[in-house]
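K.L.:
Below: sequence and its predicted model.
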Amino acid sequence: MFERLDAAARLLWGRGFTAALIVLTMWLPGNLLLNYLTLSLGWEETSARLLVVALAYDLLAAPLVVGALYVLLRASLYGGKTGYRGAMSVAVARYGLLFANRLIVQILVGAGLLLFIVPGLILMSRWALADAAVVFEAAVPSQARARSVSLTEGSRAEILLAWQLPVMAIWGLSWWVGIRFGESLDASWWVAALADCVWDLLLAFPVALLFIYYAQARVREMAIAGRAAALEESP
């Protein structure tokens, strides 16, 4: 697990500027909007209307961020030249499938977490690589979930742990900073928006980690297929 954490960090750091540009392209406008609504217009942070705006923006923007980051990271891993424009163009081409897949997964995982927690965690681990299957294999949502189940077999607990540990650490740090420096950050809505962008940049790391798991699972899959083909051809 720690080797994969290191590999994800190195891979993301190698294309850090372009990755940051992808993240900020989508999340900076959303952060500016949400902080303007709360700190300038006085919307309550717990209000239903703010929650609707935040969820809607996340649903619309996240597929482009995740898709573009996956394409960029694959190019980095295999020595490709894909940059910002190329990564975003692929993400746009896959947008419909990514949006549908993420919406279905989030609804089902969310329902599982709300009902009994454990079913949600199980679904989360089984479908962790579904987005990657959409981006790299042009899989429709049902196929992407099935591919993820196959690719994660034997390593789901590790994937879930490695994936969620950074997320929880980032959220915990965000909570601490909010408690410690909240008044200073909230003094200006645009300063608060920039602070939120820092957390969005850090959350690119779990995406890179899932890409590493997908890439390694595909290598294992192809190796098994190659051995099977060799056995079939042997006299």
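P.N.:
Now that the structure is in, tell me what you want to look at. Numbering: from 1, shown residues only.
K.L.:
Checking the residue nearest the centre of the chain next. Helix, strand or coil?
P.N.:
Here the mean C-alpha position of the chain is nearest to the C-alpha of V207 (C-alpha atoms, centre = their mean), at a distance of 4.1 Å. Counting by DSSP: H, G, I helix; E, B strand; the rest coil, the backbone at V207 sits in helix.
K.L.:
ok, now which ones touch it?
P.N.:
By C-beta atoms under 8 Å, 6 or more residues apart in numbering, the contact list for V207 reads 65-66, 69-70, 73. C-beta here means a position set from N, CA and C on the backbone, and glycine is covered the same way.
K.L.:
In strands, which of these appear?
P.N.:
Within these, no residue falls in strands by DSSP state E.
K.L.:
Out of the residues you listed, give me the two with the largest separation.
P.N.:
Using C-beta to C-beta, the two most remote members of those are V65 and L73, lying 12.2 Å apart.
K.L.:
can you give me the helices for the protein?
P.N.:
2-14, 16-35, 48-77, 84-93, 95-115, 118-126, 130-137, 141-151, 156-185, 189-202, 204-233 (DSSP state H).
K.L.:
from the contacts of V207, which is closest to L103?
P.N.:
For the contacts of V207, the nearest to L103 is V66 (12.9 Å; C-beta to C-beta).
K.L.:
neighbours around the closest one, how many?
P.N.:
24 (other C-beta atoms under 10 Å).
K.L.:
So for it, what's the pLDDT?
P.N.:
pLDDT recorded at V66 is 97.
K.L.:
Give the residue spans of this structure that score low on pLDDT.
P.N.:
Scanning the chain for pLDDT under 70 picks out 225-235.
K.L.:
and G83, how far is that from D196?
P.N.:
Separation of G83 from D196 (C-beta to C-beta, to the nearest Å): 26 Å.
K.L.:
coming back round to it: what subset of the contacts of V207 is buried?
P.N.:
65-66, 69-70, 73 (16 or more other C-beta atoms under 10 Å).
K.L.:
Same list as before, the residues you listed that is, but in a markdown table and with distance to L39 included.
P.N.:
Converted to a markdown table, the buried ones among the contacts of V207 look like this (distance: C-beta to C-beta, whole Å):
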| residue | distance to L39 |
| --- | --- |
| V65 | 24 |
| V66 | 28 |
| L69 | 29 |
| Y70 | 33 |
| L73 | 34 |
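K.L.:
Considering the residues you listed, which is situated nearest to L28?
P.N.:
Here the nearest of those to L28, counting by C-beta to C-beta, is V65; it sits at 11.3 Å.
K.L.:
Could I get the contacting residues of the closest one?
P.N.:
V65 touches 22-23, 26-27, 91, 207, counting by C-beta under 8 Å, 6+ apart.
K.L.:
Closest one of the buried ones among the contacts of V207 to A87?
P.N.:
Of all those, L69 has the smallest distance to A87: 7.4 Å, by C-beta to C-beta.
K.L.:
ok, now how distant is the closest residue to the closest one other than its chain neighbours from A54?
P.N.:
Once flanking residues are discounted, L69 sits nearest to V207: 5.0 Å by C-beta to C-beta, 6 or more residues apart in numbering. Distance of V207 to A54, computed by C-beta to C-beta: 19 Å.
K.L.:
same thing with L113?
P.N.:
Distance, L113 to A54, by C-beta to C-beta: 18 Å.
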